[in-house]
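Quick one, fold the following:
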Amino acid sequence: MTDLMIDPAAARTQFAQPAATPAPQPRQYSPAARVWLEAKTVLVTRVVGPGQLVTTPRLVVPIGDNGLAFRTSSYAAESEQLAHDGRVLVQPGDWRGNPVVGTRQLQGVARLVGTGTLVPRVQAEIEAKYRWRTSLARMAHRMANGSAPYGNLVVLVTVFEPGPLALPY
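Residues are numbered from 1 along each chain as shown. Modelled structure (predicted):
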């Protein structure tokens, strides 16, 4: 029987090189998702009471082919209203929060998400897309709301094809 000797230095060099990682491929977006990717803001209209609607411009990122996501505070009245009634209308907007010419409102259903891997992903994508505007929004939130958390919830909106409006006027 022969003794097999292993040289420790040679064994270490076999594993010293990192595994080759493929270069990340650029993300491909469908035409429907590209609308939300290219929008400077998105106007989100929600129900605030019987027969009352309010529209707010939001910084959003696309999620999948028929969805978008934005951040809100758990202390905001918006989060309570969306938890109670998730019906929304969304429309691409310009950087000032005005509707983009030639676009229309689309129906959607909003869900609040506070935990999971999607929350940091959405937050990172919003930071990457809007850069300095997120710092400005955070500062405005701090001035208006004090120590209330900024953007600790993510609102996921599933957008549907146009149809009759489901919101009261």
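
quick one, what contacts residue 133?
Contacts for residue 133 were tallied using C-beta atoms under 8 Å, 6 or more residues apart in numbering; they are residue 59. Any C-beta I mention is one placed from the backbone N, CA and C, and that applies to glycine too.

Go again with 6 Å.
Contacts for residue 133 (C-beta atoms under 6 Å, 6 or more residues apart in numbering) come out as none.

And residue 69, by the same measure?
With C-beta under 6 Å, 6+ apart, residue 69 has these contacts: 61, 63, 122, 154, 156.

Let's see that with 10 Å instead.
Going by C-beta atoms under 10 Å, 6 or more residues apart in numbering, residue 69 touches 36, 58, 60-63, 110-111, 113, 118-119, 121-123, 125-126, 154-157.

Might you specify the subset of these located within helices?
Residues of the contacts of residue 69 located in helices (DSSP state H): 36, 118, 119, 121, 122, 123, 125, 126.

which of these count as buried?
By neighbour count, with 16 or more other C-beta atoms under 10 Å, the ones in helices among the contacts of residue 69 hold 36, 119, 122, 123, 125, 126 as buried.

My understanding was that the third one contacts residue 63; is that so?
So the one you mean is residue 122. Yes - here residue 122 reaches residue 63: they are 7.4 Å apart, a contact under C-beta atoms under 10 Å.

Quickly list what's touching both of these two.
69, 154, 156.

got those as a markdown table, with pLDDT and distance to residue 76 columns?
Formatted as a markdown table, the shared contacts of residue 122 and residue 63 follow (pLDDT from 0 to 100; distance: C-beta to C-beta, whole Å):
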| residue | pLDDT | distance to residue 76 |
| --- | --- | --- |
| 69 | 94 | 16 |
| 154 | 93 | 13 |
| 156 | 94 | 16 |
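
and residue 140, that's in a strand?
No - the assignment for residue 140 is helix, going by DSSP: H, G, I helix; E, B strand; the rest coil, so no strand is present there.

That one against residue 73, yeah?
No - Residue 140 is beyond contact range of residue 73, at 12.0 Å (criterion: C-beta under 10 Å).

Those two - which one has more neighbours?
residue 73 (16 against 11; other C-beta atoms under 10 Å).

Got phi/psi on that one?
phi -90, psi 150 (degrees, to the nearest 10).

Any idea what the residue nearest the centre of the chain is bridged to?
Against the mean C-alpha coordinate of the chain, by C-alpha atoms, centre = their mean, the closest residue is residue 69 at 3.0 Å. Taking DSSP bridges as the rule, residue 69 bridges to residue 61, residue 156.
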